[in-house]
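> Here is a sequence together with a model predicted from it:
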Amino acid sequence: MYKEKPLAFKTLGPSPSTQFAVVNDIHGRNEVLDKLLDLSDLANQDFVVFNGDMVDNLLSENQMFAGFMDTAIKRFASEKPMFYSRGNHETRGPFAIEYPRYFPTPTGKLYYQFHHGETGVIVLDCGEDKPDTDMEYSGIVDMDRYRTEQASWLEKAVEDETFKNAKYKVVICHMPPFGGWHGEQEILDKFVPILNRAGVQIMLSGHLHKHIIKQSSQEVKFPIIVNSNNNLLKVNLTSQKGSFQVVDQQGKVVDEVVLKPLR
Ligand SMILES: [Fe+2]
């Protein structure tokens, strides 16, 4: 108190608009996280989203903080909210079981929803990318049933009145529903039909370490932004338009998706 200003934390208050930054697939590269946060206009962001794979695996509390969280705290997390969509890599390692204690959610699960401004956000927990029987998991994961259980929750989540009446409906899920491998196929089969029926407008993903924007189709009725492991996603949702800008490490806007508000 005598040496520095008292600490202050800005919560998610009422707001006419919603602005946030998303990073993903950092895999412990603090210098990249720092660089992307430099370009994120942090002072004006309402919150920051970590969209999975912030580390290769979770080994200990020290390793988790050293991998990304110390940087997050230094840059913003002691002053403004962050949301986390667990990646497949955060399910690995002896400390993975402790992860939920550090990143609690309103549902007590790692899938949850929140509302900010006129925007409804659903955060999904994609699970692992490989089949449960893969040797990587030593027979100790049960992701298929976990995603089935999550789909039952999702059926109810999209019926939430605040979500139904939102001007923007955004879903955050580390793995995209491209069906490239088992986990992605599960997301396509179990989550996408519910999200299609609910009129979701966009999904924000990562995982593939490359930049892809997939436009809506008969199968997936909303665009999907796969943010690369080296870019930043800046989101600005106002009563006039919703902008999702992909920004590279030189600060250049390399792609953009623009949405109209639902009402
Ligand atoms: Fe991943």
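It's in.
> switch to C-alpha atoms for all contacts and neighbour counts from now on
Will do.
> what's near enough to touch the most centrally placed residue in the chain?
Ranked by distance to the mean C-alpha position of the chain (CA atoms, centre = their mean), the top residue is residue 51 at 3.4 Å. Counting by CA atoms under 8 Å, 6 or more residues apart in numbering, residue 51 touches 22-25, 84-87, 172-174, 205-206.
> do the same with residue 44
By CA under 8 Å, 6+ apart, the neighbours of residue 44 are residue 19.
> can you give me the helices in the stretch 51-200 of the chain?
Secondary structure of the stretch 51-200 of the chain (DSSP state H, counting those that start in this stretch): helices at 61-64, 70-72, 99-102, 143-157, 161-164, 182-190, 192-197.
> Counting neighbours, what do you get for residue 104?
Residues lying near residue 104 (other CA atoms under 10 Å) number 13.
> I'd like the distance between it and residue 228.
26 Å (CA to CA, to the nearest Å).
> Over to residue 64?
21 Å.
> try residue 54
13 Å.
> Between the two, point out the one with more neighbours.
For residue 54 versus residue 228, neighbours defined as other CA under 10 Å are more numerous around residue 54 (28 against 22).
> Surely residue 89 and residue 53 touch.
Yes - with contact defined as CA atoms under 8 Å, residue 89 reaches residue 53; the gap is 5.2 Å.
> three-state assignment of residue 222?
Under the three-state scheme (DSSP: H, G, I helix; E, B strand; the rest coil), residue 222 adopts coil.
> What pLDDT does the model give the nearest residue to it once chain neighbours are set aside?
Computed as CA to CA, 6 or more residues apart in numbering, the closest residue to residue 222 that is not its neighbour in sequence is residue 216, at 4.3 Å. Per-residue confidence at residue 216 stands at 98 (pLDDT).
> Name all residues that make contact with residue 216.
Applying CA under 8 Å, 6+ apart to residue 216 gives the contacts 222, 223, 224.
> so which of the helices of the stretch 51-200 of the chain is the most packed in?
helix 182-190 (a mean of 20; mean count of other CA atoms under 10 Å).
> shared neighbours, residue 54 and residue 228?
Both residue 54 and residue 228 are in contact with 24, 25, where contact means CA under 8 Å, 6+ apart.
> what residue ranges in this structure score low on pLDDT?
Residues of the chain that meet the criterion pLDDT under 70 lie in 1.
> what about the strands in it?
Under the criterion DSSP state E, the chain carries strands at the ranges 18-23, 47-50, 82-84, 112-116, 119-123, 168-172, 202-205, 212-214, 224-226, 232-237, 242-247, 253-259.
> As a markdown table, those with mean neighbour count would be great.
Output for the strands of the chain, formatted as a markdown table (neighbours: other CA atoms under 10 Å):
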| stretch | mean neighbour count |
| --- | --- |
| strand 18-23 | 24 |
| strand 47-50 | 21 |
| strand 82-84 | 20 |
| strand 112-116 | 18 |
| strand 119-123 | 22 |
| strand 168-172 | 25 |
| strand 202-205 | 24 |
| strand 212-214 | 15 |
| strand 224-226 | 25 |
| strand 232-237 | 22 |
| strand 242-247 | 20 |
| strand 253-259 | 15 |
